[in-house]
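Enquirer: just the structure for this:
(one chain, ligands or ions: 1)
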Amino acid sequence: AEVRHHDFVVQQTPVRRLCNTHNIITVNGQFPGPNIEVRNGDTLVINVVNQAQYNVTLHWHGIRQMRTAWADGPEFVTQCPIRPGGSYTYRFTIRGQEGTLWWHAHSSWLRATVYGALIIRPKQNTSYPFANPKREYPVLLGEWWNQNPIDVVRQATLTGAAPDISDAFTINGQPGDFYNCSSKETVVFPVKPGETNLFRFINAALNAELFISVGGHSMTVVGADASYTKPFTTSYLMLGPGQTTDVLLISDQPPSRYYIASRAYASAQGAAFDNTTTTAILEYDCGCIPGQGPSSSPILPALPAYNDTASVSAFTTSFRSPKPVKLPSPVDEHLVFTVGLGLFECSPGQICGGPNGTRFTASVNNVSFVLPSSYSILEAHKMAVPGVFSADFPSQPPVKFDYTSNNVSRELWQPVPATKVYKLSFGSVVQLVLQGTGIFSAENHPIHLHGYDFYILAEGFGNFNAATDSAKFNLVDPPMRNTVTVPASGWAVIRFVADNPGVWLMHCHLDVHITWGLAMAFLVEDGVGELESLEPAPADMPLC
Ligand code: C2O
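Expert: Residues are numbered from 1 along each chain as shown. Reported below is the predicted structural model:
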């Protein structure tokens, strides 16, 4: 195992897309940011210097951060932000994870442009559990706004309305052939005929779940969220923001140029969404493409329709662990959390640009998450600072009702803004039902838990019914993930062991929803054993 050092300078950089140049926030002037490549077992030391005009933190999405919660990164949860001119060094070790993860800013909407791949190759002297690929490519799917994304969220927060949708989707930072002024820069992935290639897809988009297909080729899924999966073959993928999927693609088709295309899965009925398609090109690199110059049009795949929920569940329920797993049991904590949108009544003096003169909000168990500002929750916990958070997050929804209905009384859709955590004792086995609500609009929520991987036992539609739906649990080979897409008007059940002390944010990875409060945090207490407590805070922790 090695120690790998990186210097990340967060800075303002002029970047040209869609016929216009504007200043965006980057790391080291790169967009997307630098890719980090490590092996399982390595230690990363990343020195972040903030030369931008905004507060920033970086999050290593999906890294378990065993006993190193101080390096996790969500602002005001595990650390105070790095102020303009400040710096902070993130230090952590990769323990047992292999595959594709990524890193991104975890302050306001800075992650729109501040993100990169985090590729974890097998431990020294070990290899992939599948045929060694000849070529490997990270494929980062993103979203581009012609405006400054920070202004987009500021405007939405001011008015209480939904934020503007993006102007393009991107693949490795480029919108591709179907947008103005961008076809010259379309990303090309060269492959040799007959070879096996590993594509590492990452959904880094802010507010969009994305379908992905490749013209003429099927893909074999071999991993997701840095856990291997039982291989399965598919013609399309669907990734919620935060999720990654590793696929093998064999270049076994007639030598030509094929589009890799991606567009939105829009689960919210009637809501505006970016209805454009981004493309990159898979190009047979053999000097053998018959009668084709670089100007000929590549072969386009068929993508599922934007509202094709059946294709989404067919895909998400295809995942299995490679081998039967030893599922943690018995369950100590049976939790049920509702996740969904809501509306706030307009109070005097507020601008209320949401539906029917309200303001949008969102909640978990009717608590709309509020970030503290004077201390991070983790610091307040370790230093016993009172008044920063309370530990009374409800284990069940406060009232039972038809969660998927959009016809419920006002008390049910007007959540309580608060900073609450749910306390877990070290080593407890947690089973969590995530129940989507339809209070304002039912939609798919990609729920991400920091600091943990979890097993997904089942998902389904309607209200979760413990008596009948428990029979659907996969207790044999459930997949392991760090982000689960809870179906619109449906539910998902996850299980994990609280073996990592610290404060761990759990939230919808659609940034508009986290902005509205669709988040909560688990506080996992230290254990008694020598290696069961949080390490001391680094000396260079920024202050609030
Ligand atoms: Cu990928 Cu809390 O984030």
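
Enquirer: straight-line length of stretch 311-321, end to end?
Expert: Chord length of stretch 311-321, first to last residue, is 21 Å (C-alpha to C-alpha, to the nearest Å).

Enquirer: give me the mean pLDDT for it.
Expert: For stretch 311-321, mean pLDDT rounds to 98.

Enquirer: list the buried residues for that stretch?
Expert: Residues 311-313, 315-316, 319-321 are the ones in stretch 311-321 that count as buried (16 or more other C-beta atoms under 10 Å). Glycine gets a C-beta too; all of them are placed from N, C-alpha and C.

Enquirer: can you list the residues you listed in CSV and add secondary structure?
Expert: What follows is the buried residues of stretch 311-321, written out as CSV (DSSP: H, G, I helix; E, B strand; the rest coil):
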residue, secondary structure
S311, helix
V312, helix
S313, helix
F315, helix
T316, helix
F319, coil
R320, coil
S321, coil
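
Enquirer: so which of the residues you listed is the closest to D151?
Expert: D151 has its nearest neighbour among the buried residues of stretch 311-321 in V312, at 31.6 Å by C-beta to C-beta.

Enquirer: ok, for the closest one, nearest residue in space, not its chain neighbours?
Expert: Take V312 and drop its neighbours on the chain: the residue closest to it by C-beta to C-beta, 6 or more residues apart in numbering is M238, 5.0 Å away.

Enquirer: need the longest helix for this protein.
Expert: helix 149-159 (DSSP state H).

Enquirer: can you list contacts of it?
Expert: 54, 108-110, 112-113, 145, 162-164, 206, 351-354, 360, 511-512, 515 (C-beta atoms under 8 Å, 6 or more residues apart in numbering).

Enquirer: what does the stretch 301-450 of the chain put close to the ligand?
Expert: Counting by C-beta under 6 Å from any ligand atom, the stretch 301-450 of the chain comes close to the ligand at 448, 450.

Enquirer: low pLDDT regions in the stretch 301-450 of the chain?
Expert: 412 (pLDDT under 70).

Enquirer: all strands for it, in order.
Expert: Secondary structure of the stretch 301-450 of the chain by DSSP state E, counting those that start in this stretch: the strands cover 333-344, 359-364, 367-369, 416-418, 421-424, 429-436, 445-449.

Enquirer: spit out the contact partners of the residue of the chain found nearest the ligand.
Expert: Here the residue of the chain nearest the ligand is H61; by C-beta to the nearest ligand atom that distance is 3.6 Å. Contact partners of H61, counting by C-beta under 8 Å, 6+ apart, are 101-104, 118, 242, 448, 482.

Enquirer: shouldn't D308 be in contact with S267?
Expert: No. Assessed by C-beta atoms under 8 Å, D308 is found out of contact with S267, at 9.9 Å.

Enquirer: which of these two has more neighbours?
Expert: Neighbour count, other C-beta atoms under 10 Å: between D308 and S267, S267 has more, with 24 against 17.

Enquirer: the more buried one is in what secondary structure piece?
Expert: Assigned by DSSP states H and E, S267 belongs to no helix or strand.

Enquirer: got the phi and psi for it?
Expert: Backbone torsions for S267, taken as degrees, to the nearest 10, come to phi -90, psi -20.

Enquirer: and it, what pLDDT?
Expert: Reading off the model, S267 has pLDDT 89.

Enquirer: relative to F337, how far out is it?
Expert: 19 Å (C-beta to C-beta, to the nearest Å).

Enquirer: also T170?
Expert: To F337, T170 is 32 Å away according to C-beta to C-beta.

Enquirer: when the two are compared, which one has more neighbours?
Expert: The neighbour count for T170 versus F337, taken as other C-beta under 10 Å, is higher for T170 (26 against 23).

Enquirer: residues in contact with that one?
Expert: Per C-beta under 8 Å, 6+ apart, neighbours of T170: 17, 140-144, 176, 278.

Enquirer: pick the one among those residues closest to I494.
Expert: Using C-beta to C-beta, L141 is the member of the contacts of T170 that lies nearest I494, at 24.0 Å.

Enquirer: that closest one pairs with what?
Expert: Beta-bridge partners for L141, by DSSP bridges, are I171, N203.

Enquirer: what about the helices in the stretch 201-350 of the chain?
Expert: All helices of the stretch 201-350 of the chain, identified by DSSP state H, counting those that start in this stretch, fall at 309-316.

Enquirer: kindly report the residues of the chain close to the ligand.
Expert: 59, 61, 74, 104, 106, 242, 448, 450, 505, 507, 509.

Enquirer: and N50, bridged to which residues?
Expert: The partner residues for N50, given DSSP bridges, come to V10.

Enquirer: check it and give its pLDDT.
Expert: Reported pLDDT for N50: 98.
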